[in-house]
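K.L.:
Here is my input; please provide its structure:
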Amino acid sequence: MSTQALDMSAPAILRRAANVYRTNGRCEGAYYDVVQESFGVPAKDCRVCAIGAINIAAGAHPEGVLNSSGLRARMALAKHLGLGRHLVGLDVDRDDPHDTDGPGYALINALATWHDLAARTLDEVVAALVAAADAVERGESR
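P.N.:
Take a look at the predicted model:
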């Protein structure tokens, strides 16, 4: 049996994230629905926010720390959404996105604020993830 390596490019992660989000459903205010998990649903199958979906698509726990490929996918989504100002000074190969004083944390907060808007729909989030993947492939967002 052959095992194929998972494509860790930003577009591939974003497309997988769209799939995860569409399949698992929307969770506001957290990376994933811990209540579902407490009832035995594996974390990777729980409702997620956009960041949680990207984390799962990049091979991490929904609340986990990402590698540089996953962070690049987050950055591509932020750029697509016009949140580029939150990327200033962010080095995906060096910065810890969970450091509350670092630029990676500003990126998480910006994406979470966009995602958790009460009027935001599941379809809008899926469309944004796919459009961000398309933008990277066209060379518009790296």
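K.L.:
Please enumerate the helices of this protein.
P.N.:
10-24, 34-38, 50-57, 68-80, 103-115, 122-137 (DSSP state H).
K.L.:
So which of those helices is nearest Q4?
P.N.:
helix 10-24 (12.1 Å; CB to CB). Just so you know, the C-beta spots here come from the backbone N, C-alpha and C atoms, and that holds for glycine as well.
K.L.:
what angle separates that closest one from helix 50-57?
P.N.:
Calculated by axes from the mean of the first three to the mean of the last three CA atoms, to 10 degrees, helix 10-24 forms an angle of 110 degrees with helix 50-57.
K.L.:
For helix 10-24, name the packing helices and strands.
P.N.:
When contacts are defined as 3 or more CB pairs under 8 Å, 6 or more residues apart in numbering; DSSP states H and E, helix 10-24 packs onto helix 50-57, helix 68-80, helix 122-137.
K.L.:
Could you export these to TSV, including columns for distance to R16?
P.N.:
Below are the helices and strands packed on helix 10-24 laid out as TSV (distance: least, CB to CB, whole Å):
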stretch	distance to R16
helix 50-57	4
helix 68-80	9
helix 122-137	9
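K.L.:
least reliable of the ones you listed going by mean pLDDT?
P.N.:
Within these, confidence is poorest for helix 68-80, with a mean of 88 (mean pLDDT).
K.L.:
helices and strands around that helix, which ones?
P.N.:
Secondary-structure packing of helix 68-80 (3+ CB pairs under 8 Å, 6+ apart): helix 10-24, helix 50-57, helix 103-115, helix 122-137.
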